[in-house]
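# Starting from these lines, generate the structure:
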Amino acid sequence: MSEMTRRTVIAIAAALPAAPVFARVGASSFPRDFLWGAATAGHQVEGNNVNADLWIAENVKPTLYVERSGDALNSFELWPRDLDLVRQIGLNSYRFSLEWSRIEPDPGHFSIAMLDHYKRVIDRCRAGGITPVVTFNHFTTPIWFAKQGGWTNPDSPSLFARYCERAARHLAANIGWATTLNEPNLWRLMTGVAPPGRVQQQREMLAAAAKAAGVAKYVAGNVAAPEDFDLIIRNQLAGHENGRAAIKAVRGDLPVGVSLAIIDEQAAPGGERRRDEVRAELYGEWLNAARGDDFVGVQNYERRVWGADGSIPAPPGAEKNMFGKEVYPGSLAGAVRYAHQASGVPIIVTEHGVAAADDSIRARLIPAALRELKQAIDEGVPVRGYVHWSLIDNFEWSLGYWPKFGLASVDRTTFERSLKPSAHVLGRIAKANSA
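Predicted coordinates:
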């Protein structure tokens, strides 16, 4: 991007069609039966996920992971406590993932004990008036799958469909909404972003993981070499289609979709062409695939503003998250509008939140973002629910436990959960069904 004066940046930012940060858009009731929830994911909270591809990646030398997942938050044992938090907050839904590596620890061998474990979680949700929103695969895959090349394996779509069918046969009866894959468009978002040094570190980690696994090539569910991205995406598109069909074959009335990471791509004057190119490149193929789904899950954390010469920095004085990115409440509504326009199907916000050690940032963001989301609903966008990321502070992949996304903190020695003030902010909105 060419050098821009501070005056130019301020002028362009002022020209954007956006409400002031944290401005009130107006409060009114959300639709009846609106889902209000919080989310977790298996590898990030369960602990000791020793059959998962990342367990090897976290524990080899060298590794990109600043710390290992280890016990995580011990949610494999303490999941009833997590559901207690959902109820305490006043939410009516809970998004969590099935851990493929627990259910199918060896190829074609399905653990009834593990399927029963997830059935207990689903049934306890229903007994407590909580709608289970279940992700069949949240990044991590079984070690045996990674040893076979992961999503580069030409058989990967059928292997995934086999798992989906078996899991659905045991669990689908009481699931409320299902997603096949979590953020499979992340490969496009990652393309060209990582600096060369980090790409080399990743290659060294994957080589060490392959050696530890006794194979020539090791491909994890969210860690792969850049030259494999296109093949992975093709296979995941087929995997999503096959997985959706497998789940639907078991229970045809179960709503099935896919969750996508969507930045709210905005255009300053002169930036419309670049914004549209970015949208097509990062989201187009998946939103087109979602046209065959019952809904699409939108996962949004930020906006990005495009000018004629590239992306434009955040306005001076903008509030920032733990990664130094702008906290912008309107990004959620913007991402939701675009996702529906491009896919033509209803939306569930399956993730939204902020990495913030200062919980007051989260407590302000939630109502501000939800007021803007309600405006999008009033405009006719069919949004079925809002699920916050995350229920508890958890393992954030290569960054370890440093980023704080949770509505509750966790003592990692005692595993004691403690709700933060932002949880009560969301709870009040959910109970009133109004922002």
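# From now on I want contacts and neighbour counts done on CA atoms only, so please keep to that.
OK.
# Surely residue 311 is within a strand?
Yes: counting by DSSP: H, G, I helix; E, B strand; the rest coil, residue 311 is located in a strand.
# That one reaches residue 278, doesn't it?
No: Residue 311 is not in contact with residue 278 according to CA atoms under 8 Å; the separation is 10.8 Å.
# which residues in this protein form strands?
Here the chain has its strands, by DSSP state E, at 35-39, 93-97, 131-137, 177-182, 256-261, 264-267, 295-300, 303-307, 310-312, 347-352, 383-389, 408-410, 417-419.
# Is it possible to get those out as TSV so that each row also shows mean pLDDT?
TSV is the format used below for the strands of the chain (pLDDT from 0 to 100):
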stretch	mean pLDDT
strand 35-39	99
strand 93-97	99
strand 131-137	99
strand 177-182	99
strand 256-261	98
strand 264-267	98
strand 295-300	98
strand 303-307	98
strand 310-312	96
strand 347-352	99
strand 383-389	98
strand 408-410	98
strand 417-419	98
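# need those strands in JSON lines with distance to residue 59, can you?
Supplementary listing: the strands of the chain in JSON lines, determined by distance: least, CA to CA, whole Å:
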{"stretch": "strand 35-39", "distance to residue 59": "26"}
{"stretch": "strand 93-97", "distance to residue 59": "23"}
{"stretch": "strand 131-137", "distance to residue 59": "22"}
{"stretch": "strand 177-182", "distance to residue 59": "24"}
{"stretch": "strand 256-261", "distance to residue 59": "27"}
{"stretch": "strand 264-267", "distance to residue 59": "35"}
{"stretch": "strand 295-300", "distance to residue 59": "29"}
{"stretch": "strand 303-307", "distance to residue 59": "34"}
{"stretch": "strand 310-312", "distance to residue 59": "37"}
{"stretch": "strand 347-352", "distance to residue 59": "28"}
{"stretch": "strand 383-389", "distance to residue 59": "26"}
{"stretch": "strand 408-410", "distance to residue 59": "23"}
{"stretch": "strand 417-419", "distance to residue 59": "27"}
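# could you redo those strands as JSON lines and give each row mean neighbour count and distance to residue 223?
What follows is these, written out as JSON lines (neighbours: other CA atoms under 10 Å; distance: least, CA to CA, whole Å):
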{"stretch": "strand 35-39", "mean neighbour count": "27", "distance to residue 223": "22"}
{"stretch": "strand 93-97", "mean neighbour count": "26", "distance to residue 223": "19"}
{"stretch": "strand 131-137", "mean neighbour count": "25", "distance to residue 223": "15"}
{"stretch": "strand 177-182", "mean neighbour count": "25", "distance to residue 223": "14"}
{"stretch": "strand 256-261", "mean neighbour count": "26", "distance to residue 223": "16"}
{"stretch": "strand 264-267", "mean neighbour count": "24", "distance to residue 223": "24"}
{"stretch": "strand 295-300", "mean neighbour count": "27", "distance to residue 223": "20"}
{"stretch": "strand 303-307", "mean neighbour count": "21", "distance to residue 223": "24"}
{"stretch": "strand 310-312", "mean neighbour count": "17", "distance to residue 223": "26"}
{"stretch": "strand 347-352", "mean neighbour count": "25", "distance to residue 223": "21"}
{"stretch": "strand 383-389", "mean neighbour count": "23", "distance to residue 223": "21"}
{"stretch": "strand 408-410", "mean neighbour count": "19", "distance to residue 223": "27"}
{"stretch": "strand 417-419", "mean neighbour count": "16", "distance to residue 223": "30"}
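# Indicate which one of these is closest to residue 319.
Among the strands of the chain, strand 303-307 comes nearest to residue 319, with 12.9 Å by CA to CA.
# ok, residues contacting that closest one?
Contacts with strand 303-307, where a contact means CA atoms under 8 Å, 6 or more residues apart in numbering, come from 263-272, 274-275, 311-313, 326, 328, 331.
# Show me what counts as buried in the lengthiest helix in the chain.
Longest helix in the chain by number of residues, with DSSP state H as the criterion: helix 229-250. Buried residues in helix 229-250, counted by 16 or more other CA atoms under 10 Å: 229, 232-233, 235-248, 250.
# which residues of the stretch 101-250 of the chain fall in helices?
Shown for the stretch 101-250 of the chain, the helices assigned by DSSP state H, counting those that start in this stretch span residues 112-127, 143-147, 156-171, 186-190, 196-213, 229-250.
# Tell me which of those helices sits most buried.
Each of the helices of the stretch 101-250 of the chain was assessed for mean neighbour count using mean count of other CA atoms under 10 Å. The highest is helix 143-147, with a mean of 23.
# Report the distance from that helix to the chain centre.
The chain centroid and the centroid of helix 143-147 are separated by 22 Å, computed with CA atoms, centre = their mean, to the nearest Å.
# repeat for stretch 221-229
Taking CA atoms, centre = their mean, one finds the center of stretch 221-229 at 18 Å from the center of the full chain.
# Outside of that stretch itself, list whatever touches it.
Residues outside stretch 221-229 that contact it (CA under 8 Å, 6+ apart) are 53-54, 139-141, 146, 150-152, 187-188, 191, 199, 202-203, 206.
# if you set the cut-off to 10 Å instead, what comes out?
Outside stretch 221-229, the residues within contact range by CA atoms under 10 Å, 6 or more residues apart in numbering are 52-54, 57, 137-143, 145-146, 149-152, 183-188, 190-192, 194, 199-200, 202-203, 205-206, 218-219, 232, 235, 397.
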